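Asker: predicted model follows, preceded by the sequence.
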Amino acid sequence: MRKKQYSLDEKKTILAFYSQFGEAKTISQFGVSRRSIFYWKQLAKNGGDAGLLAKSRKPKHCGRQKVTEDMRGLIKTYYMEHPNAPYAQIRRHLSKYGYQPLSLPTIGRVVKMIKKETEL
């Protein structure tokens with residue numbers, strides 16, 4: 001279940017109501033948690049209205065793809081020749097060719113994609 005996103009005006013209204021009527025009435029009137037009220041109070045105290053603005057939920061850093069097409073080709077070739085090879089063995093095969101070692105789950109994801117492609 002997604003939480004409700006409050007706008008700047010809604011937050012300011014709730015905080016004004018809180019300062020006038022107190023915690024219990026604010027919680028029952030608006031259905032906002034006590035934690036949210038105190039968090040908003042802190043944000044308003046430190047940053048004013050700008051502190052109350054909704055912040056982006058997008059990650060600050062997106063992971064870059066570690067698997068190049070060359071690596072993917074090597075994994076595919078090795079997997080086709082040795083379909084029951086453990087992922088650690090595939091990782092050792094990649095390191096023979098001078099590639100940075102991938103984690104076992106990453107190799108597993110690549111093998112899974114290769115399996116899907118070959119089934120089509």
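Answerer: Nice, thanks for sending it over. Numbers count the residues shown, from 1 in each chain.
Asker: give me the contact list for the helix with the most length in the chain.
Answerer: When the chain is parsed with DSSP state H, its longest helix is helix 34-52. Outside helix 34-52, the residues that touch it by C-beta atoms under 8 Å, 6 or more residues apart in numbering are 8, 11-12, 14-15, 18, 23, 26-27. All C-beta atoms are positioned from the backbone trio N, CA, C, and that covers glycine.
Asker: show me which residues of that helix are buried.
Answerer: 36-37, 40, 43-44, 52 (16 or more other C-beta atoms under 10 Å).
Asker: one more: stretch 7-17?
Answerer: 11, 14-15, 17.
Asker: tell me which of those residues fall in helices.
Answerer: Using DSSP H, these in helices are 11, 14-15, 17.
Asker: on that earlier part again, what is the nearest of the buried residues of helix 34-52 to Met113?
Answerer: Closest approach between the buried residues of helix 34-52 and Met113, by C-beta to C-beta: Ser36, at 41.7 Å.
Asker: which SS class is Cys62?
Answerer: Classification of Cys62 using DSSP: H, G, I helix; E, B strand; the rest coil returns coil.
Asker: sorry, back to before: what is the nearest of the ones in helices among the buried residues of stretch 7-17 to Gln100?
Answerer: Checking those against Gln100 with C-beta to C-beta, the nearest one is Lys11 at 46.5 Å.
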